[in-house]
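1. Sharing a sequence plus its predicted fold:
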Amino acid sequence: AATAHVKPLHQARLGGVGGASDSPMGRVEAFTIGPFVLSGPLAVLRTNSPGPTEAEGTLGNVGNEVLRRFKLTFDYGERRLYLEPSPAFADNFEADMSGLVLSVRDDDSGAIDVILVQDPSPALEQGVRVGDQLVSVDGKVVSPAELGDLRRQLRAPGKTVKLELLRE
């Protein structure tokens, strides 16, 4: 159960099993799951009806940013999920600070494309455009397998990174 009022921070472009969607994102005061309380998580706010991956009658989905804070044990026979706090339990919830939304191309190239630039954002201020291809970060070539690590890097407050982009 989520508590408190949520003030939308900005629009977020998200992708998943059901495809890409644009939704407002905001910070929730607290999220309680079982006996555990997580402070200040970010939440994507549903604007209309449930999406294709949401079950009717639910408020939404619990994603990786919540689940990574636990060791998960699934008891399929009893239809139960057991949670144990992981070392990441107390990590702050942070949004991507760059303003970039990146996606791996749906072909064999492994290219990482900019599919959205938030307004306002540092990426927009630096002239990054939709369609640019990410080549390297801080001089190191980025592979699709490292995209998750890059996203975590871009959530660090005060962190500066040097991006090499290819444009047409």
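-> Perfect, I can see it now.

2. how about the strands in the chain?
-> Secondary structure of the chain (DSSP state E): strands located at 2-3, 7-14, 21-27, 30-33, 36-39, 42-44, 70-75, 80-85, 100-104, 112-117, 133-137, 140-141, 163-166.

3. would you turn these into a markdown table with mean pLDDT?
-> Formatted as a markdown table, the strands of the chain follow (pLDDT from 0 to 100):
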| stretch | mean pLDDT |
| --- | --- |
| strand 2-3 | 44 |
| strand 7-14 | 60 |
| strand 21-27 | 72 |
| strand 30-33 | 89 |
| strand 36-39 | 92 |
| strand 42-44 | 78 |
| strand 70-75 | 96 |
| strand 80-85 | 95 |
| strand 100-104 | 87 |
| strand 112-117 | 90 |
| strand 133-137 | 93 |
| strand 140-141 | 92 |
| strand 163-166 | 94 |
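
4. quick one, which of the ones you listed is nearest to Leu124?
-> strand 112-117 (5.0 Å; Cβ to Cβ). Yep, even glycine has a C-beta here, placed from its N, CA and C like the rest.

5. who does that closest one pair up with?
-> Strand 112-117 sits in its sheet next to strand 100-104 (antiparallel), strand 133-137 (antiparallel), going by DSSP bridges.
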